[in-house]
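# have a look; sequence and predicted model below, questions after that.
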Amino acid sequence: MAADSEPESEVFEITDFTTASEWERFISKIEEVLNDWKLIGVSSGKPLEKGIFTTGTWEEKSDEISFADFKFSVTHHYLVQEPSDKDGKEELGEDALPLPMQDLLCMNNDFPPRAHCLVRWYGLREFVVIAPAANNDAVISESKCNLLLSSISIALGNTGCQVPLFVQIHHKWRRMYVGECQGPGVRTDFEMVHLRKVPGQYTHLSGLLDIFKTKIGCPLTPLPPVSMAIRLTFVLQDWQQYFWPQQPPDIDALVGGEVGGLEFGKLPFGACEDPISELHLATTWPHLAEGIIVDNDVYSDLDPLQAPQWSVRVRKADNPQCLLGDFLTEFFKLCRRKESTDEILGRSAFDEEGKEVADITHALSKLTEPAPVPIPKLSVTNMVHSAKKKIRKHRGVDESPLNNEVLNTILLFLFPDAADKLGDVFENRASTSAGNNPPPENEDYNLFSQFKSAPSDSLTYKLALCLCMINFYHGGVKGVAHLWQEFVLEMRYRWENNYLIPGLANGAPDLRCCLLHQKLQMLNCCIERKKARDEGKRGSMSDRSPGGASGDGAKGGDHSGENPDKEKEFGKSWESWSDSEEEFFECLSDTEDLKGNGQENGKKGGKESVNLKPEGRLHPHGKLMLLHPGEPLYVPITQEPAPMTEDLLEEQSEVLAKLGTSAEGAHLRARMQSACLLSDMESFKAANPGCCLEDFVRWYSPRDYIEEEVIDEKGNKVIRGELSARMKIPSNMWVEAWETAKPVPARRQKRLFDDTREAEKVLHYLAVQKPADLARHLLPCIIHAAVLKVKEEEAVEDISSVKKIIKQIISHSSKVLRFPSPEDKKLEEIIAQIMSVEAIIARARSLKAKFGVEKCENEEEKEDLQRFVNSLLEQPEVSVVGAGRGPAGSIIHKLFVNAQRVPAPLEEELRRSGCPEERRQGVQSEFPPPAGREVILRASVPRPAPYSKALPQRMYSVLTREDFRLAGAFSADTTFF
């Protein structure tokens, strides 16, 4: 039994040889990818137009395949072209060569400035590359290379794909490719040689022709002609005869007399180093037949000046150091600092030594001896306050971050009114500073509303520029902290002495501007109210006039006592209003008396209330009459509503939202919001004794009083009016406010806007700002200033590409800066865009200087040179019109000639150590040895046998100082061999 079972077991151990191996699976995957990308079958297309490789659009698709566990990426590179006509496909006969083979002989796109290396070497419009997926992987062994070549050859044969397939071998930095292209009865092999050291015989044309002919191995005895295209590239690095035109800023001059208008008000601009590092001149002989020129190891006909085509490209310096970019970057770094002003300057800066004692001793004298507000001579020296002295107590004079001269200059620039000798000038001075700024309707001027910065003629904007300058040139963050401390002290000085802040628009804070600007505007509002009150001014210019609040000052005059004449002349002294609670106490006491009288009158009846003396009238309305007494309706003097900054508005909205949606919360919210309404009702009642709610509504909210025609009992048409439905709702806020309102004129009401408290809040807010907070507040102003500077500089150069980038910067910045606390990454992007524009403009100026555009006297030539320079900035490579004989060509020639002038000892050394190329050209040549020699050799030759089909053969050679490469595409007939 055992013997019988043995043959049975052998039967079940049959090996299935039909199972696919890893290699077969790999080939199958290649075929699948080619099928998916629809690269199967005959490829058709139009002949390539001249320059299409540069101007056309290149696209690529990628996929991943693996050979066992080794991953490869497959990439299809192709030039996007319009689909060819169907008739064209029908015309293609069976003998037609595949499109890639036709491209090998096409001369329209030799040496494209920007293209994949395989496009430059072989002139192909479409190809597929298989390369190791990981950057550090490489196919190095010869057996693996052959295996991959076999794989693509089988895949091409199985699918009938006519697109060339390449495999990347060796390390990626070497850019070594081998490949194959198959067509009906033809095949092209793509081969490559890459060497570090160049064999001597291959440094010239005759040696390369020998290699090409040997490789072709053509059996025909007069060899078919070989077509040649040659390009020599010369590099100019030495610009010694042209100094870089950008003058570095004179730091000593920053403290000179011109600083105010010239330096501190403007951002610097331009590159500190030449932003153009090299000029590459490519001299090309596009169509040469073999034998026309001689180029061997002893003699060469290739004279660059005789080349029919010249083209130039410039190599830009990587990240050139630019002034504006450095300013922005350094200022942005401030945003990340965490120290407070105290920590930077030392806590002693704000120590109030002995101040408490002084305040106590003077407290009573201030109360008992009221004095008018003095109007001292305001000068720069008055502006540099006691903080400077306090710093000096703890540090030497020389150790202060900013010296007196710089500080005084900056303060004079920020506060030009300080130069005026008479304090009276302040009264007549407009609060916006005059200057050569664009008018408000100008698009550039209105940029501040998009960037949420500040107008370009404002104090905030100037302060931002000064801080940016100080941060870069005068002590960095310490200098910034010092100036800010002086600025805050100046704000307090102006508040206490009733001097308006220059460079700020009149009126309430502009919510389109940054918060710091709003705070300064708020402080100005407070100073304006306080000044008006202290000087006892009355009257107003509109229905809502700040003059209403001046009644407090006038009323205070009644209590001033002994010196009424003096009081009238100067107004009330600021010391008597230093405590807001005392102010309100006085107002409230008188108001309560008046309200008490009003209540008594109310109790006695409406008739007696009509007998009240009208107060606080502005002017008669003109059209409206009171409904019941029938007297003219007077518009009252009302209090102006309190101005608010965006943070106060946000705070108020949060408080109102926290009251909730309950009936009680809603009622309380309405009461809080009706303070202004109640004030206006009281003013209206005082101005119009005997009025009713309907009268107030007709003036205050006409849409809430509905009039209609009705027919009375006698049949006559009469107009009757009534309150709107919302006014008739029970427990309506308007009705409640009207009932509680007493006839009190605006001048005797409690102020809606407590300027003393608000000013102190603003001053405290300014004092606690860290340099980082300050930088965050002012960064939109700096970006705004940088954009204006870039626009101004671009207008001089007129570069179309820069105009587009500036528009993008403005659009991007307006989106980012409009929201509070923008992300650092987005801010960095904006700064990088501004820096790139600065570099482009600097490059344009560098090229203009080098090509002498401004010096050119012939207008036509000047325009040509200007166009040439602009093209160099925008295009990868620019053709020189007229080659070496044109205006641009002659300038380039001079540049090379000047750079070739070398001292005699160096010349001797070059003769001894020079390479064969240098020895062959001679040191006295007007051009240096070429940095690159490119040669393309083409021929259409029957291969491998004399009776084979004539097929395209091509070899590209590039020789530089560091390496030598040959890239050959050799076709063979697979039918007749």
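All right, it came through fine.

# flag every buried residue along stretch 872-891.
Applying a neighbour-count criterion of 16 or more other CB atoms under 10 Å, the buried positions in stretch 872-891 are 872-873, 877-880, 883-884, 886-889, 891. (Glycine included, C-beta is placed from N, CA and C.)

# ok, now stretch 813-823?
Buried residues in stretch 813-823, defined by neighbour count with 16+ other CB under 10 Å: 813, 816, 817, 822.

# just stretch 106-118 next, same as before
When neighbours are counted by 16+ other CB under 10 Å, the buried residues of stretch 106-118 are found to be 106, 109, 110, 111, 112, 113, 115, 116, 118.

# disregarding flanking residues, what is the spatial nearest neighbour of the residue minimising distance to the centre of the chain?
Central residue of the chain (CA atoms, centre = their mean): residue 830, 2.9 Å from the mean position. Take residue 830 and drop its neighbours on the chain: the residue closest to it by CB to CB, 6 or more residues apart in numbering is residue 813, 5.3 Å away.

# confirm for me that that neighbour is in contact with residue 452.
No: in terms of CB atoms under 8 Å, residue 813 does not count as a neighbour of residue 452; the distance is 9.7 Å.

# distance from stretch 158-171 to the middle of the chain?
Between the centre of stretch 158-171 and the centre of its chain there are 45 Å (CA atoms, centre = their mean, to the nearest Å).

# please save the CA atoms from that stretch in PDB.
Output of stretch 158-171 as PDB, limited to C-alpha atoms (Å, rounded to 0.1, in the frame of the first residue of the first chain):
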ATOM      1  CA  ASN A 158       2.500  45.100 -26.000                       C
ATOM      2  CA  THR A 159       0.500  48.300 -25.900                       C
ATOM      3  CA  GLY A 160       1.600  50.000 -29.200                       C
ATOM      4  CA  CYS A 161       2.300  53.200 -27.300                       C
ATOM      5  CA  GLN A 162       4.400  55.700 -29.300                       C
ATOM      6  CA  VAL A 163       5.200  58.000 -26.400                       C
ATOM      7  CA  PRO A 164       8.900  57.800 -25.300                       C
ATOM      8  CA  LEU A 165       9.400  56.000 -22.000                       C
ATOM      9  CA  PHE A 166      12.400  56.900 -19.800                       C
ATOM     10  CA  VAL A 167      13.800  55.300 -16.700                       C
ATOM     11  CA  GLN A 168      15.900  57.400 -14.200                       C
ATOM     12  CA  ILE A 169      19.000  55.600 -13.100                       C
ATOM     13  CA  HIS A 170      21.800  56.500 -10.700                       C
ATOM     14  CA  HIS A 171      21.400  59.200  -8.100                       C
END
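
# for it, which residues meet the burial criterion?
Using 16+ other CB under 10 Å as the test for burial, stretch 158-171 gives 159, 161, 162, 163, 164, 165, 166, 167, 168, 169, 170.

# okay, buried residues for the longest strand along the chain please.
With DSSP state E setting the assignment, residue counts place strand 276-289 as the longest strand in the chain. Taking 16+ other CB under 10 Å as the basis for neighbour counts, the residues of strand 276-289 that come out buried are 276, 279, 280, 281, 282, 283, 284, 285, 286, 288.

# then stretch 500-515?
Residues of stretch 500-515 classed as buried: 500-505, 508-510, 512-515 (neighbour count, 16+ other CB under 10 Å).

# chain center to that stretch: distance?
Using CA atoms, centre = their mean, the mean C-alpha position of stretch 500-515 is found 25 Å from that of the whole chain.

# equivalent analysis for stretch 301-311, please.
With CA atoms, centre = their mean as the basis, stretch 301-311 stands 43 Å off its chain's centre.

# tell me how far residue 196 lies from residue 174.
Distance of residue 196 to residue 174, given as CB to CB, to the nearest Å: 10 Å.

# who's more crowded, those two?
For the pair residue 196 and residue 174, the greater number of neighbours falls to residue 174 (14 against 7), based on other CB atoms under 10 Å.

# and that one, how far from residue 795?
Note on residue 174: its distance to residue 795, by CB to CB, is 48 Å.

# quick one, what contacts residue 708?
For residue 708, the residues meeting the contact criterion (CB atoms under 8 Å, 6 or more residues apart in numbering) are 719, 720, 721.

# closest one of the buried residues of stretch 872-891 to residue 650?
Proximity of those to residue 650, judged by CB to CB, is greatest for residue 873, which lies at 46.5 Å.

# next SSE after the helix or strand hosting the closest one?
Element membership for residue 873 (DSSP states H and E) is helix 859-874. Where DSSP H and E defines the elements, the next helix or strand beyond helix 859-874 is strand 878-880.

# do I have it right that residue 529 meets residue 757?
No: look at residue 529 against residue 757 with CB under 8 Å: they stay out of range, at 11.7 Å.

# what's in contact with the strand or helix carrying residue 153?
Under the criterion DSSP H and E, the helix or strand holding residue 153 is helix 142-159. Helix 142-159 has contacts (CB under 8 Å, 6+ apart) with 23, 26-27, 30-31, 34-35, 39-40, 130, 139, 161, 165, 167, 169, 178-182.

# now, these that are in strands?
Secondary structure defined by DSSP E assigns 130, 165, 167, 169, 178, 179, 180, 181, 182 of the contacts of helix 142-159 to strands.

# burial measure for the fifth one, as a count.
Right, the one you point to is residue 178. Look at residue 178: counted by other CB under 10 Å, it has 19 neighbours.

# show me the strands in the stretch 51-200 of the chain, by range?
Secondary structure of the stretch 51-200 of the chain by DSSP state E, counting those that start in this stretch: the strands cover 58-67, 70-79, 126-132, 165-169, 176-183, 186-195.

# got TSV for the ones you listed, with distance to residue 843 and mean pLDDT too?
Written out in TSV, the entries for the strands of the stretch 51-200 of the chain read as follows (distance: least, CB to CB, whole Å; pLDDT from 0 to 100):
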stretch	distance to residue 843	mean pLDDT
strand 58-67	26	92
strand 70-79	30	93
strand 126-132	34	94
strand 165-169	35	94
strand 176-183	35	94
strand 186-195	34	94
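
# pipe those into TSV and attach distance to residue 477 per row.
Output for the strands of the stretch 51-200 of the chain, formatted as TSV (distance: least, CB to CB, whole Å):
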stretch	distance to residue 477
strand 58-67	49
strand 70-79	50
strand 126-132	51
strand 165-169	52
strand 176-183	54
strand 186-195	54
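
# where does the stretch 151-300 of the chain dip in pLDDT?
Applying pLDDT under 70 to the stretch 151-300 of the chain flags the ranges 239-264.

# typo on my end, the stretch 451-600 of the chain
Low-confidence segments of the stretch 451-600 of the chain (pLDDT under 70): 536-600.

# give me that answer again for 50
Judged against pLDDT under 50, the low-scoring parts of the stretch 451-600 of the chain cover residues 537-600.

# then stretch 70-79 to CSV, C-alphas only?
As requested, C-alpha coordinates have been extracted for stretch 70-79 and formatted as CSV (Å, rounded to 0.1, in the frame of the first residue of the first chain):
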residue,chain,number,x,y,z
PHE,A,70,10.5,48.8,-4.5
LYS,A,71,8.2,51.8,-5.3
PHE,A,72,8.4,53.8,-8.5
SER,A,73,6.6,57.0,-9.5
VAL,A,74,5.4,57.2,-13.1
THR,A,75,5.0,60.8,-14.5
HIS,A,76,3.6,61.8,-17.8
HIS,A,77,4.9,65.2,-19.0
TYR,A,78,3.2,66.8,-21.9
LEU,A,79,2.8,70.1,-23.7
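
# ok so, going back, buried ones in the helix holding residue 153?
For helix 142-159, burial by neighbour count (16+ other CB under 10 Å) applies to 145, 148, 149, 151, 152, 153, 154, 155, 156, 159.
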